[in-house]
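Engineer: structure here, sequence nowhere to be found:
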């Protein structure tokens, strides 16, 4: 256990371990920093940020499912300028590692503007471009469902940034591998997947959808096998690193994701029910590595393919 | 906020579909009436947010209504069973806003958080009047408990079976209570009616479907005159002047 090496590297960004709380489940970090030293994490991906401030969708925007939940938050965020002037300085007080900037948008110009602003921030180590939000119209996922559009966003963002750019993909497509490939060809440094699956619930008392927006993004342990399958397919299709996510809730899941091809792994919905979940996964990794005779975690990336 | 394992001391039915659960554990994070706890239940992914009814020396009292499968499962729990709770969630009411005489207005399961507040206000030496609203006699709980604190207690029932026939606002409009500030908790239509019937400043506790309960997921946001707020973290208590209906 003493010898367990959990270090991984994402396009030059060295992480002490592969555990990364996912965007939208960790705010801008400081709510969790009230509970524990968040520097134990590999890093985290902050709340999806857009050029303008957004309130998001009407409430209710949360529904419960078996082994998961649906959200239709709709990219609520204070806008990139406030993120830079207020959220990042607050984060600097409790986090001394490079953070992942998660960016969303409604036009290619907007993606470019927001990415360029965040690329210039010292605290940002990597940019995760979300072209997969299922909860907004005219943006988000509409960029991520066709290879040509995904490639256009990738090329545009790459032209204004110096830091590694990872494109976050939606599983709500026929062939996720072809979209990943288009992003790679357009210059993406890595692929991050999966965003939530489209889902819905109906309230039996009101006999109407629970969520005001009718549908939302389904996440949580229930989607893990779908996410794992997508990571497997994308790993087969591209030669750039993959960040795997979707239903990850324990150290064993992290190892499974890495065996399928993930270089690092994001934790999502589990952070919302157990605020200590990501810390526990980090602390449990060496024990699980020993159990499965793993000394260097980075050695197992894609290991299930050969 | 703190995460802790609590032990159930008792869990009993006190009114129609309403249960009272007493737990022991580390209540150190609970600092104000109107805060809530978030309870993990086996077999359910999201926690259940329940307002604190009272909290004294490591003893936590919760009163909840069975409204779905999760709360139904809670009602079946027994003494000695353990529960994983997040405690000290939400801002809670600011009791210093009241000078001499507080009016507390609660409807249904909006009544419980008013109890801890009434107790603390009485301990601060303030006059307390309470209006409790229910649909019918079978749903009434805690009337005697409020009276025992020395609070002037009024009851309204929609069917007129006990107290004033009608809503809490019918009591507000018919009884001349010399309050200088009010605190309110209940369903949103009641909050809005109280907002319109009130003559002083006050505070309202809101409800919304929550994901996490501690400010991370942005699931329960609302718009206020002072910007977007998260009901779970910046609320659930909002002041009268900041509310946008």
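Structural biologist: Everything's here; your move. Worth saying up front: this structure is predicted, and the values here are computed from it rather than measured.
Engineer: low-scoring stretches of chain B, by residue?
Structural biologist: Of all residues in chain B, none has pLDDT under 70.
Engineer: residue farthest from the centroid of it?
Structural biologist: residue B:43 (26.0 Å; Cα atoms, centre = their mean).
Engineer: quick one: secondary structure of it?
Structural biologist: coil (DSSP: H, G, I helix; E, B strand; the rest coil).
Engineer: quick one: contacts for the nearest residue in space to it that is not next to it in sequence?
Structural biologist: Distances taken as Cβ to Cβ, 6 or more residues apart in numbering or on different chains put residue B:73 closest to residue B:43, at 7.0 Å, once the chain neighbours are dropped. Every C-beta, even on glycine, is put in place using the N, C-alpha and C of the backbone. Listed by Cβ atoms under 8 Å, 6 or more residues apart in numbering or on different chains, the contact set of residue B:73 reads B:41, B:42, B:43, B:44.
Engineer: between the residues you listed, which sits nearest residue A:54?
Structural biologist: Of all the contacts of residue B:73, residue B:44 has the smallest distance to residue A:54: 30.2 Å, by Cβ to Cβ.
Engineer: out of everything not next to it in sequence, what's closest to the closest one?
Structural biologist: residue B:70 (5.1 Å).
Engineer: residue contacts, the one you found?
Structural biologist: A:64, B:41, B:44, B:48.
Engineer: same deal with residue B:165?
Structural biologist: Contacts of residue B:165 (Cβ under 8 Å, 6+ apart): B:156, B:157, B:158, B:159.
Engineer: rerun at 7 Å
Structural biologist: Contacts of residue B:165 were listed using Cβ atoms under 7 Å, 6 or more residues apart in numbering or on different chains, and they are residue B:157.
Engineer: and what of residue A:226?
Structural biologist: Contact analysis of residue A:226 by Cβ under 7 Å, 6+ apart lists A:171, A:197, A:246.
Engineer: now render the residues you listed as a markdown table, adding distance to chain B and secondary structure.
Structural biologist: Formatted as a markdown table, those follow (distance: Cβ to the nearest Cβ, whole Å; DSSP: H, G, I helix; E, B strand; the rest coil):
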| residue | distance to chain B | secondary structure |
| --- | --- | --- |
| A:171 | 19 | coil |
| A:197 | 15 | strand |
| A:246 | 15 | coil |
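Engineer: just put these in JSON lines and tack on neighbour count and pLDDT.
Structural biologist: Formatted as JSON lines, those follow (neighbours: other Cβ atoms under 10 Å in any protein chain shown; pLDDT from 0 to 100):
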{"residue": "A:171", "neighbour count": "21", "pLDDT": "96"}
{"residue": "A:197", "neighbour count": "21", "pLDDT": "97"}
{"residue": "A:246", "neighbour count": "31", "pLDDT": "98"}
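Engineer: domains in chain B, as residue ranges please.
Structural biologist: B:2-89, B:95-205 (automatic domain parsing).
Engineer: packing partners for the lengthiest strand in chain B?
Structural biologist: When chain B is scanned for its longest strand (criterion: DSSP state E), the result is strand B:2-15. Packing contacts for strand B:2-15, counted by 3 or more Cβ pairs under 7 Å, 6 or more residues apart in numbering or on different chains; DSSP states H and E, involve strand B:18-24, strand B:82-89.
Engineer: one step back: so which of the contacts of residue B:73 is the closest to residue B:245?
Structural biologist: Once Cβ to Cβ is applied, the member of those that ends up nearest residue B:245 is residue B:44, at 31.9 Å.
Engineer: which secondary structure element contains the residue in chain A sticking out farthest from the centre?
Structural biologist: Residue farthest from the centre of chain A, counting by Cα atoms, centre = their mean, is residue A:205 at 34.5 Å. Here residue A:205 sits in a region with no helix or strand, counting by DSSP states H and E.
Engineer: relative to residue A:264, how far out is the closest residue to chain B within the stretch 101-250 of chain A?
Structural biologist: Nearest residue of the stretch 101-250 of chain A to chain B, counting by Cβ to the nearest Cβ: residue A:220, 5.8 Å away. Distance check for residue A:220 against residue A:264: by Cβ to Cβ, to the nearest Å, it reads 20 Å.
Engineer: tell me which parts of chain B are close to chain A?
Structural biologist: Taking Cβ under 7 Å from any Cβ of the partner chain as the test, the list of chain B residues beside chain A reads B:1, B:3, B:40, B:44-47, B:208-212, B:214-221, B:223, B:228.
Engineer: any of those buried? List them.
Structural biologist: B:1, B:3, B:40, B:44-47, B:208-212, B:214-221, B:228 (16 or more other Cβ atoms under 10 Å in any protein chain shown).
Engineer: minimum distance to chain B, which residue of the stretch 201-306 of chain A gives it?
Structural biologist: residue A:272 (3.9 Å).
Engineer: what's the neighbour count on residue B:135?
Structural biologist: Residue B:135: 14 surrounding residues under other Cβ atoms under 10 Å in any protein chain shown.
Engineer: could you check how far it is from residue B:143?
Structural biologist: Counting by Cβ to Cβ - residue B:135 and residue B:143 are separated by 15 Å.
Engineer: quick one, what contacts residue B:96?
Structural biologist: Contacts of residue B:96 (Cβ under 7 Å, 6+ apart): none.
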